[in-house]
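[1] here is the input, now give the coordinates:
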Amino acid sequence: MTTSTASPPHSFSDRQRSSSRRRTLVSLTPLIDVVFILLLFFMLASSFTDLRAIALDAPVSGTGNASIEGALLVDVRLDGVRFAGRYIGLNDLVDTIRNRRADNPGLRVLVRPATRVSLQDTVRVLDALTVAGIDRIALMENPGKGRPR
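    Numbers count the residues shown, from 1 in each chain. Now for the predicted structure:
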């Protein structure tokens, strides 16, 4: 009699364990596809234009005093807003500018912020002028402020 020294066949539970190990592999391709589709959706659905943008006239070299002539000057200072040599509130500024604009529809306004005035204060004045209906606004450099070198 001969005895067989061959190894016993794999049992059913061994096959089940090895096949379950193979099934746990997850493909990342569908996940990446979903991420790219979401990215594409948000890129196309988003709008990056600012609807509250304020249009400013860019200074043109060589214009000199011709661009200043006939324009109204609004000074933005640390202690308030000056118009026509007196301090004025933003609501009063809007009313005054609206009245002047009724007489002159092409009215131009120059805004001159002082040296240490915050940008937010200047933007508030620019917003008020936009509310007043002024579409020709220009920023002016403070003559006391030195230019950076």
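
[2] and D103, what pLDDT?
    D103 carries a pLDDT value of 86.

[3] same deal with L51?
    67.

[4] ok, now the one 4 residues further on?
    Each residue has a pLDDT score; the one for A55 is 68.

[5] helix/strand/coil for the closest residue to G80 other than its chain neighbours?
    Counting by C-beta to C-beta, 6 or more residues apart in numbering, Y87 is the residue found nearest to G80 once chain neighbours are left out, at 4.6 Å. Yep, even glycine has a C-beta here, placed from its N, CA and C like the rest. Under the three-state scheme (DSSP: H, G, I helix; E, B strand; the rest coil), Y87 adopts strand.

[6] what's the answer for D95, then?
    Following three-state DSSP, the label given to D95 is helix.

[7] distance of it relative to S118?
    24 Å (C-beta to C-beta, to the nearest Å).

[8] again, but for P30
    Noted for P30: a distance of 51 Å to S118, by C-beta to C-beta.

[9] how many residues are close by T130?
    16 (other C-beta atoms under 10 Å).
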